[in-house]
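Enquirer: Have a look; sequence and predicted model below, questions after that.
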Amino acid sequence: MELVYRPGQAADLPAVVDLLARCRAIAMPYLPVLHTRDEDLGFFARYLENAALTLALAPQGLVGFMATTPGWIEQLYLDPDWRGRGIGATFLGRAKANQPRLQLWCFADNHAAQRFYLRHGFVEERRTAGDNEEQLPDILYGWTRPDWLRDRP
């Protein structure tokens, strides 16, 4: 099935927030719900500037999204029914193509995401006991483009 990857727009934000809620409920039920729907809409709206929100769309609608800032993958969520189809790898490939180094945080209880990031060349850089608003243990992962390391003075 052919997917379309494109920058997010304001009209897409309700679908992004709905997918976030679905992912968290199914794949990460341990996460507390800390924000209202309106707060989540406002949070994701900030990624619309600089085209920092990328969507993966199937004919039936949104199946994944990634939000980035320079050097960071801030958010990466896939509809649980669409995992294992290369969407996450495509998102990572797009982010890696534009950055010599990337970092991201992953909850320590999100074992599937940890395996995914390790398979795609990320390495664990450090762990916290919960220095985040959810107050849950998390892991900082990093990736560096090999040619960038080699070409540095």
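Expert: Here it is on my side, so go on.

Enquirer: What is the longest strand seen in the chain packed up against?
Expert: What stands out as the longest strand in the chain, according to DSSP state E, is strand 61-69. Contacts defined by 3 or more CB pairs under 8 Å, 6 or more residues apart in numbering; DSSP states H and E place strand 61-69 against helix 13-27, strand 53-58, strand 72-78, helix 87-98. For glycine as for every other residue, the C-beta is placed from the backbone atoms N, C-alpha and C.

Enquirer: how does it look with 10 Å?
Expert: The contact analysis (3 or more CB pairs under 10 Å, 6 or more residues apart in numbering; DSSP states H and E) places strand 61-69 against strand 4-7, helix 13-27, helix 37-45, strand 53-58, strand 72-78, helix 87-98.

Enquirer: Give the partner strands of the first one in its sheet and their orientations.
Expert: In its sheet, strand 4-7 lies beside strand 53-58 (antiparallel), with partners assigned from DSSP bridges.

Enquirer: picking up where we left off before, let me have the helices and strands packed on strand 61-69 in CSV, adding distance to E133, mean pLDDT and mean neighbour count as columns.
Expert: Putting those into CSV (distance: least, CB to CB, whole Å; pLDDT from 0 to 100; neighbours: other CB atoms under 10 Å) gives the following:
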stretch, distance to E133, mean pLDDT, mean neighbour count
strand 4-7, 27, 96, 12
helix 13-27, 14, 95, 16
helix 37-45, 11, 94, 15
strand 53-58, 20, 97, 20
strand 72-78, 14, 96, 20
helix 87-98, 23, 94, 16
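
Enquirer: Of the ones you listed, which is nearest P137?
Expert: helix 13-27 (16.7 Å; CB to CB).

Enquirer: What lies in contact with the closest one?
Expert: 8, 12, 30-33, 35, 37-45, 47-48, 53, 55, 57, 61-65, 67, 75-83, 110, 112-113 (CB atoms under 10 Å, 6 or more residues apart in numbering).

Enquirer: now stretch 93-105
Expert: 5, 54, 66, 68, 70-76, 86, 92, 113, 117, 120-122, 125, 128, 131-132, 138-149, 151-152.

Enquirer: swap the cut-off to 7 Å and go again
Expert: 54, 66, 68, 71-73, 138, 140-145, 148 (CB atoms under 7 Å, 6 or more residues apart in numbering).
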